[in-house]
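> Below is the sequence, then the predicted model.
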There are 4 protein chains.
Amino acid sequence: MVRSDPGESRTNMPITEEQAAEIAAQRESENTTRRAVAPALEAMLYEPIEVLDHGFVRVIDYMGDDAAIVQSARVSYGRGTKSVQNDAGLINYLMRHRHTTPFEMCEIKYHVKLPVFVARQWVRHRTANVNEYSARYSILDREFYIPEPAQLAAQSVSNRQGRGDVLEGEEAAWVLETLKRDADTAYNHYETMLNEGEDGDPGRDGLARELARMNLPLNIYTQWYWKTDLHNLFHFLSLRADPHAQYEIRVFAEAMLETVKAWVPLAYDAFIDNRVGGAELTAGQMAVVRRLLAGETVTQETSALSKRIWDELQAALAG
Amino acid sequence: MVRSDPGESRTNMPITEEQAAEIAAQRESENTTRRAVAPALEAMLYEPIEVLDHGFVRVIDYMGDDAAIVQSARVSYGRGTKSVQNDAGLINYLMRHRHTTPFEMCEIKYHVKLPVFVARQWVRHRTANVNEYSARYSILDREFYIPEPAQLAAQSVSNRQGRGDVLEGEEAAWVLETLKRDADTAYNHYETMLNEGEDGDPGRDGLARELARMNLPLNIYTQWYWKTDLHNLFHFLSLRADPHAQYEIRVFAEAMLETVKAWVPLAYDAFIDNRVGGAELTAGQMAVVRRLLAGETVTQETSALSKRIWDELQAALAG
Amino acid sequence: MVRSDPGESRTNMPITEEQAAEIAAQRESENTTRRAVAPALEAMLYEPIEVLDHGFVRVIDYMGDDAAIVQSARVSYGRGTKSVQNDAGLINYLMRHRHTTPFEMCEIKYHVKLPVFVARQWVRHRTANVNEYSARYSILDREFYIPEPAQLAAQSVSNRQGRGDVLEGEEAAWVLETLKRDADTAYNHYETMLNEGEDGDPGRDGLARELARMNLPLNIYTQWYWKTDLHNLFHFLSLRADPHAQYEIRVFAEAMLETVKAWVPLAYDAFIDNRVGGAELTAGQMAVVRRLLAGETVTQETSALSKRIWDELQAALAG
Amino acid sequence: MVRSDPGESRTNMPITEEQAAEIAAQRESENTTRRAVAPALEAMLYEPIEVLDHGFVRVIDYMGDDAAIVQSARVSYGRGTKSVQNDAGLINYLMRHRHTTPFEMCEIKYHVKLPVFVARQWVRHRTANVNEYSARYSILDREFYIPEPAQLAAQSVSNRQGRGDVLEGEEAAWVLETLKRDADTAYNHYETMLNEGEDGDPGRDGLARELARMNLPLNIYTQWYWKTDLHNLFHFLSLRADPHAQYEIRVFAEAMLETVKAWVPLAYDAFIDNRVGGAELTAGQMAVVRRLLAGETVTQETSALSKRIWDELQAALAG
C-alpha cells in the first residue's frame, strides 16, 4: 500500500484482508487496449493511498492523457501531438487563458474513504459524479477519525475559519479521549438499535437502518466512487490543496495531486505554474505594483487599499 | 407560522423571537415591480412552514409563473399566454413530452432547516445552488431531530431500504431515550471543547470549531439557502415526494409541493398528472398489458417478467 | 471504414487519405492496461462510422463497462460483479427506477463530423463536453449536406414539426440543384473574401476568418470532440434516436446506439426495455387502461382525455 | 428604445410595431411584491437595448439584488445587510477569493436577438437555460447581420484569431455587396422552397421547414430566452466583454454589463476590480515581478519566460 505520509506506522489498516485481496486481483489484470495509456498512473491503479487514520484515495479508472488535451484543442484525427516542448507550451497557454474545454476531455474515477464531515465539504463541488455507500441499505463500519495530536489545533484568534496553536497537556488528552469515547458509545448504541446479526436479541424488532444511523457522529468514515474531468479536478484541487482549506480535506487533495502528476505531467506543470504558484491581483493591487515598479514608495495608507487587501498583496509579493 | 402538519402542537419553535421579527419585517415590505407576480406564493413568502420537530422550509424569492413557461416555449415578446385552457394544454404537452427547457425558465429559492442526514441525501441532487451555514465559521445550535413515536419503524424484512412495523413498548422508549441522551452528551462535549463565550474556562485554549463539530451526531440540524429551477425542482420532488423516499426527507418535499401549487398551478397539475399519478412501463410490461387487453389470461409464469417486475406491474395497474 | 448504411456507395469520402492513415496508425497501437476493457468496442475504436453524405461518428476513447456500473452501485473494492444474470437484473432495476448515478460512472468520447444545423440541435444537450473546430482560427472545408432524394420531404400538414410526403419531379430537382448551387456560390465567395493561400490576390488584404464564415450556409459540415457519461448519453439517445427527432440527427444517434451496444450490452438491453420499448402513461391514461382491463368500453368521449392524449394512448397500446 | 451605441441612427428597427406595443404593455404593468426589487433594473425591464444592425438584448426577469448575495453568504433570516460599506467589502472579499455560491443566488433572464454565428459561440457556455426560436416549427425572418464598414477587418497577421486593419475601397465594397446579395438570394430560395403563404404555388408541395432552413447563411438572426445566475453571468462576461472576444459577441456582452451595473452595483464594482482591471500572473511572471521590485534589471532572455509569456507580463504591467 502506498502511504501519503510514509514516516509513520499505523495500527489501523483502512481495508480488510479480503478487500486487499480483491484489489491485488484487479492489479494483476493485464488487458490489451487501443486507447491512450498513462504508464505512471497504471502503476498506481487500484492501489489505496492512505490518508488520515482510516481513509484512502485510490484511482479506479481514467480516460485520456496529456496528448488527449492537445488532440482535443486541435480537433485532430490522430494523436495531435507535435513535440513534448510544443505540447507543454500549448497546454500552458490553454491553462493560462482559461481555455477549459480541452482539459474536460480527460476523466478520472476515484474510490475514496473519508470522514463524513469531510465528505460534506467535498460534495459542495457539484460538477462530479458520486456514488456513496448507503447507510439506508447497509451498516456502517466502526471507524472514526481521531486527529493526530499534532492536528489538535485551537481556534484561530485572527481568522474565523482558521486554526491556531496546537492544544497540549490535559486539554489535548481530554479532547482525544472524549472524541473516542463518544464515538464508541454512539456506535454501541447504533448496533443495539439495529439489533441485527448473531448478537441480535430475538425479543426486539430492531430499528430501521435509515433511522439508527442518525445517532452516529460526523467523524465516522463513509466511502464513495467520485468521478470528474480534469478541468473540474483542477478547480477542486486549487481550492482544497490550498493552505486555506481545512487540513482534513487538504490531505486528500494532496494525495490526489500526486495521481495527477503521474497521469498528465504536462498539465500538472501548467497547473502548478498558473494556479498554485501564480497570483490573482485586483485592479487596485496592480496599480500599487505599477507605482512600486516606477520607484514610488507606497504604504497601506497611500495605497488606496484596505488593510486586508494590502496584506494579501504583501503576501503575494513575498511569494 | 404555517404548519405542514397542523393537527399537532409542538413545544420547540424552529426559530427564535428575533428571527421571527426579522421575518415579519420582511413580510411587511411592499415593493412595486414590473415583473410577473404569483399572488398565492406572495402570500406565503418568507413564512416558515414547519417540518419535523425543529425544521422548516420557507420561500425566500422566486422568478416567473405559469405564463413565463408559456412565454418561453413560444419565445414571445409579450406575456405569451392565450387562454388558461390553451396554456394548461400546452404546459401538459411540454411535461408529457419532456420538453424541459421552458420549465427551466422559472426559479425558486428556499431557506431550509433540516437534520444533517437529510441534508446529505438532499445534496445528491446537484443541479441546484446551495449556501449552507458553516460549522467551520460558526457554532451550531443545540437542536436534534428526535422522531415522533409513530415514525420509530423497524427495518423492513422485504425491502432492504424500507421500514417495517413501528417499534413499541420498552424498545421504543429506549431508542428515544438513547437518541436524546447521546445527542445531549455529544453537544455538551462540543461546547466544552469549543470553550467559547462567557462560560469558557480561561485556562484552556478551546478546540477549533472546524474540529469540534466532528463530535456531533447526524441528527443535528443545519440550514441552507437552496435555489433551483422548476424543471429540476420537479425532478427532485418526483423522487423525494415519493413513497419510496425516506420519511424524513419526504415531509420536506411535501411542504415544497404546496409552495409549487401556489406558485405555478398549471405546471403543478401537469406534474401530478404525468409524474405522480402516471406510470412508466417497460417493454415487457406493455406486452403484458396488450395481451390482457386482447382478452388473454396472463400469469407471472406466462408473462416472461421476473417476479419483481410482475409485482411492479400489478401495483401500477392497481393504481 | 464502417458504414451505417452499407447498401450504398458514396462518391464523397468524409475523410482524406492523410486522415485515414492517421486513424489506421492509431488502430494499430496496442497497449497494456489494468483498466476494464470492452472488447467489442475496442474493435470499433477510432474507425469512422459514415453518416449522411460527408459526416461520421467515431469513438475516440471510453471508460468503464457493464461491470463498472455494477461496481459503482455496490461501491465495491473489486469488480463487483456476481453473475451475468444478476448483473443484468441489477442494471435493469437501476434503469427502471432511475437510479442514474451508476450509469454516470461510464464515460465515452466521440469525434463527430456533422452539418452545422444538426450541431445546433445537438448542443442543446448541455451535459457534455465539447471541443469544436474553430472557424475563427481555421478555414472550413467545402463540404455541404445535400439530402438524398428520399429525404426531400414536404412539410407535414398534421404536425408542425414533422415531414410529409417526399417531393418529386421538377420540384425535387430544383431544390437539390438550388441547395448545391447556393452552397457553391457561398463557398466561392468565402474563399474570395479570405483571399488566402496560393490563389490569393496580393493586391487585396483578405477578410478576417471570423467574419468571412458568416457567408456560409447552415448545411456546411463542422466537426467536434464530444464527451459525455452513459446516463446523459442515454438521455440524448432517448430523444434523438426517436421517430420524432429530425432525420438528420437521428441517423447520428442510431450510429451511436450501435457503439453503446458494443460497449455496455447489459445497459443497452435495459435501455431498450425501459426507454425505447416502454411507455410513460399519464394518470388519465392509466385510469383508462384500468377501465379497459375491467371490461368497460371506453371511447375518447367517455375517457376524459383530450383527442391528442387519447391518440397518444392508442399509439402506445398498439405498440 | 435604449441604444447601446447612441451616436448613430439605424434604418432597420429590430422589432415590429406589434412587438413594440406588447413590450410597452408589459412595461406599464405595476405589481406589488414582497420580494427584493432593484429599482434601476426595473427602469430598464423589457426594453430592448439595440445591438448590431438588427439585434437586441432585453431583461425579461430577475431575482435578487446585492443584499441577496450578502444574505446568502450569511445564511440569514432577514435581509442580512449591515451597511453599504460592509456589504461592499464582503462582496469584494467573496469575489476575490472565488466564493462563488452567494453570487449563484441571483438570477437573470434575457431575451436576445442575435446572428446565428454569434449564437454558436454563446452556447459554448453551458451553465445557462436556453429556449431558442425553432426553425423546425417556424419561419425565420429576412434579417441578416451586415457589418458596419468600420468592422470590416482583415485577418490579423500576428494573431490567428484576431482582426487586423480595416478593409477599404473596392475590396470593402465588394465584401458588403456580396454578403448582402448572397443572403438575399439564399432567403429568396428559402421562401420558394417553403412555398407557404399567399404567394405559394398550389402546384408544388413545399419543402419541410426543418430542411429548407439549411440554405440560410450563418449571419441570419435568431432569438432566444437565456437565463443564468450571476456567478455564471460574470464568467460569461469576463470572457466575452474582453478585448480578445470577437467584436460581434462583445457588443452583446457590453450591453449586458450595463444591465448588471443597474441590477447589482456592488457586485459589478467587485467584478470590475477583480476580473476586468485585475491580472492573473503565473509563478514565472511573479518571480520576475519580485526580481524587478528588488531592483534587478530583467530582460526576456534573463527572465526564464517564453517570448509570449514575457509579452503578456509587459502588457499586464503597462495596464
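Received it, and whenever you're ready, just let me know what you need.
> Given the helix or strand containing residue A:59, what are its sheet partners and their directions?
Applying DSSP states H and E as the criterion places residue A:59 in strand A:55-63. Applying DSSP bridges, strand A:55-63 is found paired with strand A:49-51 (antiparallel), strand A:107-115 (antiparallel).
> Using CSV, please lay out the ones you listed together with mean pLDDT and mean neighbour count.
C-beta: built from backbone N, CA, C; applies to glycine. Shown next, in CSV, are these (pLDDT from 0 to 100; neighbours: other Cβ atoms under 10 Å in any protein chain shown):
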stretch, mean pLDDT, mean neighbour count
strand A:49-51, 97, 25
strand A:107-115, 97, 25
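> give me the element residue A:182 is part of.
Residue A:182 is part of helix A:169-194, with elements assigned from DSSP H and E.
> before we move on, the earlier item: out of the strands paired with strand A:55-63, which is closest to residue D:67?
Of all the strands paired with strand A:55-63, strand A:107-115 sits nearest to residue D:67, with 35.7 Å by Cβ to Cβ.
> What is the distance between the closest one and the centre of its chain?
Averaging C-alpha positions (Cα atoms, centre = their mean, to the nearest Å) puts strand A:107-115 9 Å from its chain's average.
> so after the helix holding residue A:182, what's the next helix or strand?
Following helix A:169-194 in sequence, per DSSP H and E, is helix A:209-212.
> CA atoms only for that following helix, dumped as CSV, please.
Output in CSV follows, covering the C-alpha atoms of helix A:209-212 (Å, rounded to 0.1, in the frame of the first residue of the first chain):
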residue,chain,number,x,y,z
ARG,A,209,-31.0,1.3,9.4
GLU,A,210,-32.0,4.6,7.8
LEU,A,211,-33.1,5.8,11.3
ALA,A,212,-30.4,4.2,13.5
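> Could you tell me how far the residue nearest the centre of chain A is located from residue A:93?
Geometric centre of chain A, nearest residue: residue A:253, 2.7 Å, by Cα atoms, centre = their mean. Distance, residue A:253 to residue A:93, by Cβ to Cβ, to the nearest Å: 25 Å.
> now do residue A:299
Residue A:299 sits 37 Å away from residue A:93, going by Cβ to Cβ.
> between those two, which one's more packed in?
Between residue A:299 and residue A:93, counted using other Cβ atoms under 10 Å in any protein chain shown, residue A:93 has the larger neighbour count: 16 against 8.
> That one sits in which helix or strand?
Using DSSP H and E, residue A:93 falls within helix A:84-96.
> Identify the residues contacting that helix?
Contact with helix A:84-96 is made by A:66-67, A:69-70, A:73, A:81, A:99-100, A:102-103, A:266-267, A:269-271, A:273-275, D:280, D:282, D:306, D:308-309, D:312, as judged by Cβ atoms under 8 Å, 6 or more residues apart in numbering or on different chains.
> Going through these, which ones are buried?
Buried members of the contacts of helix A:84-96, scored by 16 or more other Cβ atoms under 10 Å in any protein chain shown, are A:66-67, A:69-70, A:73, A:81, A:99-100, A:102-103, A:266-267, A:269-271, A:273-275, D:280, D:282, D:309, D:312.
> So which of those residues reach chain B?
Subset of those in contact with chain B: empty, counting by Cβ under 8 Å from any Cβ of the partner chain.
> Output the helix holding residue A:93 as CSV, restricted to C-alpha atoms.
Extracted in CSV, the C-alpha atoms of helix A:84-96 (Å, rounded to 0.1, in the frame of the first residue of the first chain):
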residue,chain,number,x,y,z
VAL,A,84,6.8,17.5,-25.9
GLN,A,85,8.0,21.1,-25.9
ASN,A,86,5.2,22.2,-28.3
ASP,A,87,2.7,20.3,-26.3
ALA,A,88,3.8,21.7,-23.0
GLY,A,89,3.6,25.2,-24.4
LEU,A,90,0.1,24.7,-25.8
ILE,A,91,-1.1,23.2,-22.6
ASN,A,92,0.3,26.1,-20.6
TYR,A,93,-1.3,28.5,-23.0
LEU,A,94,-4.7,26.8,-22.6
MET,A,95,-4.4,26.8,-18.8
ARG,A,96,-3.2,30.5,-18.7
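> Would you mark the buried spots in that helix?
Buried, per 16+ other Cβ under 10 Å, within helix A:84-96: A:87-96.
> now these as a markdown table including distance to residue B:40 and pLDDT?
Below are the buried residues of helix A:84-96 laid out as a markdown table (distance: Cβ to Cβ, whole Å; pLDDT from 0 to 100):
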| residue | distance to residue B:40 | pLDDT |
| --- | --- | --- |
| A:87 | 60 | 93 |
| A:88 | 60 | 94 |
| A:89 | 60 | 93 |
| A:90 | 56 | 94 |
| A:91 | 55 | 96 |
| A:92 | 56 | 95 |
| A:93 | 54 | 94 |
| A:94 | 50 | 95 |
| A:95 | 50 | 95 |
| A:96 | 52 | 93 |
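> Model confidence for residue A:197, exactly?
Looking at residue A:197, its pLDDT is 87.
> ok, how many other residues are close to it?
9.
> Could you measure from it over to residue A:140?
According to Cβ to Cβ, residue A:197 stands 14 Å off from residue A:140.
> likewise residue A:200?
Computed as Cβ to Cβ, the residue A:200 to residue A:140 distance reads 17 Å.
> Have a look at the two and say which one is more surrounded.
Ranked by neighbour count (other Cβ under 10 Å), residue A:200 and residue A:140 place residue A:140 first, with 19 against 14.
> residues near the closest residue to residue A:277 other than its chain neighbours, how many?
Counting by Cβ to Cβ, 6 or more residues apart in numbering or on different chains, residue A:277 lies nearest to residue D:283, which is 2.7 Å off, once chain neighbours are set aside. Residues lying near residue D:283 (other Cβ under 10 Å) number 15.
> How about residue A:19?
Residue crowding around residue A:19 was assessed by other Cβ under 10 Å; the count is 15.
> confidence score at the closest residue to it other than its chain neighbours?
Once flanking residues are discounted, residue A:19 sits nearest to residue C:77: 4.2 Å by Cβ to Cβ, 6+ apart. According to the prediction, residue C:77 has pLDDT 79.
> Please identify the buried residues of stretch A:172-188?
A:172, A:175-176, A:178-179, A:182-183, A:185-187.
> Tell me, please, where in chain A the pLDDT is lower than the cut-off.
Chain A contains residues with pLDDT under 70 at A:1-13, A:159-161.
> Show me how it divides into domains.
What automatic domain parsing lists as the domains of chain A is A:2-140+A:219-276, A:283-318.
> Residue A:279 and chain B: what is the separation?
Per Cβ to the nearest Cβ, to the nearest Å, residue A:279 is found 24 Å from chain B.
> same check, this time on residue A:316
In terms of Cβ to the nearest Cβ, residue A:316 sits 24 Å off from chain B.
> Isn't that residue up against residue D:286?
Yes. The criterion here is Cβ atoms under 8 Å, and residue A:316 meets it with residue D:286 at 7.2 Å.
> Those residues of the stretch 1-150 of chain A touching chain D, which are they?
A:89, A:92-93, A:96, A:98, A:101, A:124.
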